[in-house]
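> All I have is the shape, not the residue letters:
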Ligand code: OAK
């Protein structure tokens with residue numbers, strides 16, 4: 001299609017692949033080619049979807065040469081590469097990011113204009129790949145972005161779910177989940193590679209034989225197999241000619257297996273087998289940090305790590321590399337415990353398939369894995385019942401038992417006579433049922449174990465894995481999370497980026513600490529005005545979007561107070577709601593004159609796990625309060641509660657740059673890190689928050705004058721729990737809290753129906769596991785400070801600018817540096 005020169009270079013396969021010319025005309029030509037030959041339509045007859053697909057494929061064409069070149073360079077230069085194993089990647093839309101990375105935004109816009117096409121409409125056509133639940137999945141996406149930008153070799157391994165995180169709608173205020181069929185209109189960013197498919201076994205039994213030397217050999221005989229087909233995604237670095245690969249696996253039925261059944265005449269069974277296999281990558285489990293212990297989930301986990309290990313060892317690692325050198329070639333980073341079954345899988349490959357003896361295999365395995373923990377909630381720590389695991393992966397269970405046996409010998413050696421410790425540390429839990437503790441397995445096998453913020457890593461050492469820390473203190477380290485400045489500042493907040501570029505240049509995009517140079521401008525009245533203008537324009541943009549997307553009106557002149565994150569009791573959306581109701585109740589009861597209410601819009605965004613009853617009740621309560629407060633004339637429009645449905649990465653990119661106030665109000669000691677907190681601060685919102693997760697580090701960096709701190713410290717929380725926490729005593733002691741809760745309890749927000757909100761209220765008054773009532777007083781007091789500060793626009797702007805200037809630390813590039821220095825390539829530093 002590109003004429004003889006392209007054909008020739010392709011045919012000879014000697015020189016580098018050439019990209020289309022980086023001109024508007026070159027772009028238009030490639031685009032029209034993609035439309036005509038890729039989509040099979042003429043421009044005049046094309047739909048928006050045709051145009052979007054052609055545009056995406058055009059951008060792909062420009063990145064292709066870099067992709068091939070990067071692969072070539074990596075193959076020539078053998079180093080230790082990162083195999084990031086993650087069950088989730090919450091990528092967000094690809095078009096804008098890839099245009100930004102390839103520096104084609106300007107050209108593409110002009111090209112589309114030349115074709116008479118509205119580029120914004122094409123952007124809107126993309127359905128984001130929502131292959132993750134929340135923080136953990138989005139972090140993985142930020143990390144692969146940073147590694148590409150830093151030209152670090154990395155393969156991201158994961159699952160190509162046919163359905164990502166559900167689409168949330170509200171029906172009469174209640175969450176309804178709809179399937180997310182993100183592939184329906186085409187998936188221009190992926191490259192299927194059926195020729196690189198691998199086989200994955202399940203079930204069956206093990207057989208042991210003894211050879212002439214009397215050595216035992218065990219072999220796993222699976223009962224059924226599925227085919228894992230890799231789909232490759234480009235992960236472009238920021239304008240550096242690097243494109244790494246994200247390799248997501250899709251499960252397919254095995255033709256051979258099906259055909260046998262089919263030929264035997266059992267058609268129904270043949271198609272059942274197909275459905276069975278394809279089910280494995282059908283849908284993302286929508287539970288954020290609450291594992292369900294479902295068999296299909298374990299199948300997903302094993303499926304993708306088995307594919308990934310097979311792919312790396314057989315298809316990526318050069319044939320001539322001795323497997324004893326595996327640790328010099330790969331480090332598999334375990335993104336929480338979801339991929340931990342990779343540990344016995346690698347042992348199985350080395351011992352059963354490659355003939356290594358146990359000790360040597362274990363030595364290799366221990367150098368090939370590192371483990372990141374992303375939670376502190378005990379209920380989030382994955383355990384797999386041994387009967388389930390043994391049924392699905394009998395050989396792996398044997399291997400886990402052996403790992404545990406040898407590990408417990410080590411424990412007895414280190415702590416003679418301490419059988420209590422041995423029981424506590426066993427990888428196998430005995431109560432309430434025999435089960436494998438995946439976090440323990442990961443800790444035993446991993447060369448390093450890290451938490452995701454300073455406080456989290458400390459609690460991990462002291463509270464979650466103290467025995468392991470006592471045994472191997474050097475194993476434990478911290479890497480504070482980060483976010484990619486490309487997507488969450490440059491792409492999401494073009495106006496602020498332009499202002500920054502004009503002021504300090506563009507170096508910050510790949511070296512975020514350069515934002516420090518903005519500090520002096522906090523005292524520059526002209527700069528502050530421009531900073532406010534940016535915020536105002538971002539609010540306007542959000543307001544337009546919400547009008548079209550949700551039919552919601554956002555008031556321009558309100559303080560925009562935002563709480564967006566998964567719905568979880570520990571995150572305390574109810575505390576935010578209690579604040580809202582208290583403001584309303586104050587006016588309703590005459591305690592607060594209406595002209596003393598700071599005009600404020602509270603914006604929520606949150607999905608609840610479909611099986612998490614309490615979370616869904618809280619969503620209903622938020623929607624109920626919103627409806628009443630928004631329409632009650634007594635408030636004179638001064639308090640608005642908005643809850644656009646289906647919060648996702650795409651919406652985050654519009655909401656975060658518009659926010660004034662960032663709500664990070666989890667109970668201290670519960671939020672491992674948080675990453676939304678970083679995104680808001682970097683976009684010039686001030687934080688109201690507790691000393692939890694990475695809030696602690698944000699506060700340290702931005703300073704107490706530029707952060708609204710409230711609430712108990714983690715030790716204070718523990719102390720209160722020890723003393724015996726009685727939530728109702730807070731209710732009795734605080735008349736404002738009492739009036740607030742009584743108003744909800746009266747049925748005021750639910751058309752007089754008191755029962756409709758009783759589950760939430762009973763829980764708060766009688767259990768309140770996350771101490772919302774205990775936090776209420778100090779939270780309200782902090783909100784007062786917010787309003788006083790907001791009343792002084794110059795001082796407020798100064799603080800927001802200092803937040804931006806001092807948050808360079810939270811670049812995921814820095815996180816990746818830390819992983820490289822502390823975990824992946826220690827000694828190279
Ligand atoms: C999900 C499933 C199991 C365990 C943890 C998670 C998870 O999403 N954790 C979140 O990870 C983020 C990235 O490290 C943190 O910022 C959040 O605090 C944490 O809840």
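Sure thing, it's come through. Just so you know, these numbers come straight off a predicted model, no measurement behind them. Numbering: from 1, shown residues only.
> quick check, distance from the lengthiest strand in the chain to the centre of its chain.
For the chain, the strand that runs over the most residues, judged by DSSP state E, is strand 224-236. The chain centroid and the centroid of strand 224-236 are separated by 20 Å under CA atoms, centre = their mean, to the nearest Å.
> and if you look at stretch 315-324?
Between the centre of stretch 315-324 and the centre of its chain there are 32 Å (CA atoms, centre = their mean).
> what residues does the protein put near the ligand?
Within the chain, the positions near the ligand by CB under 6 Å from any ligand atom are 134-136, 139, 288-289, 336, 374-375, 380, 452, 481, 671-675, 693. Every C-beta, even on glycine, is put in place using the N, C-alpha and C of the backbone.
> In helices, which of the residues you listed appear?
Residues of the residues of the chain next to the ligand located in helices (DSSP state H): 135, 136, 139.
> Taking the stretch 451-600 of the chain, what residue is nearest to the ligand?
The ligand sits closest to residue 452 of the stretch 451-600 of the chain, with a gap of 4.0 Å, by CB to the nearest ligand atom.
> quick one: contacts for the residue lying closest to that residue once chain neighbours are set aside?
Excluding its sequence neighbours, the residue lying closest to residue 452 (CB to CB, 6 or more residues apart in numbering) is residue 673, at 4.1 Å. Listed by CB atoms under 8 Å, 6 or more residues apart in numbering, the contact set of residue 673 reads 135, 374, 452, 453, 456, 480, 481, 693, 694.
> quick one, phi psi at the third one?
Backbone torsions for residue 452, taken as degrees, to the nearest 10, come to phi -110, psi 10.
> try the fourth one
Dihedral angles of residue 453 (phi, psi; degrees, to the nearest 10) stand at phi -160, psi 160.
> And it, how far from residue 301?
Distance from residue 453 to residue 301, counting by CB to CB, to the nearest Å: 25 Å.
> again with the last one
Spatial separation of residue 694 from residue 301 under the definition CB to CB is 27 Å.
> Quick check, residue 352 in contact with residue 398.
No: under the criterion of CB atoms under 8 Å, residue 352 makes no contact with residue 398, lying 10.2 Å away.
> Okay, now stretch 329-342: how far is its last residue from its first?
End-to-end distance for stretch 329-342: 17 Å, by CA to CA, to the nearest Å.
> pLDDT (mean, whole number) over it?
For stretch 329-342, mean pLDDT rounds to 98.
> for the ones in helices among the residues of the chain next to the ligand, which one is nearest residue 749?
Using CB to CB, the shortest approach to residue 749 within those belongs to residue 135, at 30.0 Å.
> what's around the residue lying closest to that closest one once chain neighbours are set aside, how many residues?
Closest residue to residue 135 apart from its sequence neighbours, by CB to CB, 6+ apart: residue 675 at 5.6 Å. Applying other CB atoms under 10 Å, we find 24 residues neighbouring residue 675.
> isn't residue 675 right next to residue 138, touching?
Yes: counting by CB under 8 Å, residue 138 is a contact partner of residue 675 at 6.5 Å.
> picking up where we left off before, so residue 694 and residue 301 - more neighbours on which side?
Using other CB under 10 Å, the more surrounded residue of residue 694 and residue 301 is residue 694, with 29 against 22.
> wouldn't the more buried one be in contact with residue 479 here?
No: using CB under 8 Å, residue 694 is not in contact with residue 479, being 11.2 Å away.
> Residue 242 touches residue 154, doesn't it?
No: between residue 242 and residue 154 there is no contact under CB under 8 Å: 10.3 Å.
> what touches both of these two?
Taking CB under 8 Å, 6+ apart as the contact rule, residue 242 and residue 154 both touch residue 148.
> Look at the nearest residue to residue 493 once chain neighbours are set aside and tell me its secondary structure.
Leaving out its chain neighbours, the residue that sits closest to residue 493 by CB to CB, 6+ apart is residue 657, at 3.9 Å. Classification of residue 657 using DSSP: H, G, I helix; E, B strand; the rest coil returns helix.
> And for the closest residue to residue 167 other than its chain neighbours, the neighbour number?
Leaving out its chain neighbours, the residue that sits closest to residue 167 by CB to CB, 6+ apart is residue 178, at 4.4 Å. Residues within reach of residue 178, counting by other CB under 10 Å, total 11.
> before we move on, what about residue 817?
Residue 817 - counted by other CB under 10 Å - has 17 other residues nearby.
> Name the SS class of it, please.
helix.
> and the closest residue to residue 119 other than its chain neighbours, what element?
Nearest residue to residue 119, sequence neighbours excluded (CB to CB, 6+ apart): residue 112, at 4.4 Å. Following DSSP states H and E, the helix or strand that holds residue 112 is helix 105-114.
> shaky segments in the stretch 451-600 of the chain?
Counting by pLDDT under 70, not a single residue of the stretch 451-600 of the chain qualifies.
> next structured bit after the longest helix seen in the chain?
Using DSSP H to define each element, the chain has its longest helix at helix 48-76. Going down the chain from helix 48-76, the next helix or strand is strand 81-85, by DSSP H and E.
> What is that next one packed up against?
Contact here means 3 or more CB pairs under 8 Å, 6 or more residues apart in numbering; DSSP states H and E; on that basis strand 81-85 packs against helix 135-149, strand 154-159, helix 295-310, strand 330-335.
> Could you look up the next helix or strand downstream of it?
strand 89-90.
> helices or strands up against that next one?
Using 3+ CB pairs under 8 Å, 6+ apart: strand 89-90 touches strand 130-131, helix 135-149.
> strand partners of it, parallel vs antiparallel please.
strand 130-131 (antiparallel) (DSSP bridges).
> from the middle of its chain, how far away would the partner strand be?
Worked out by CA atoms, centre = their mean, strand 130-131 lies 9 Å from the chain centre.
> Not counting its own residues, what contacts it?
By CB under 8 Å, 6+ apart, strand 130-131 touches 88-91, 137, 158-161, 164-165, 180, 182, 248, 284, 648-649.
> and the chain, what are its domains?
Using automatic domain parsing, the domains assigned to the chain come out as 18-77+96-127, 78-93+128-481+817-824, 557-793.
> before we move on, the earlier item: what pLDDT, on average, does the longest helix of the chain get?
97.
> For the residue nearest to residue 167, list the residues it contacts.
Per CB under 8 Å, 6+ apart, neighbours of residue 178: 166, 167, 168, 169.
> Quick one: mean pLDDT over stretch 107-125.
Stretch 107-125 comes out at a mean pLDDT of 98.
> Distance to residue 276 added to the helices and strands packed on strand 81-85, as a markdown table?
Shown next, in a markdown table, are these (distance: least, CB to CB, whole Å):
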| stretch | distance to residue 276 |
| --- | --- |
| helix 135-149 | 26 |
| strand 154-159 | 16 |
| helix 295-310 | 10 |
| strand 330-335 | 27 |
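> Quick check: residue 270 is in a helix.
Yes: according to three-state DSSP, residue 270 belongs to a helix.
> What is the burial count for it?
With other CB under 10 Å as criterion, residue 270 counts 18.
> just checking, it touches residue 261?
Yes: with contact defined as CB under 8 Å, residue 270 reaches residue 261; the gap is 4.2 Å.
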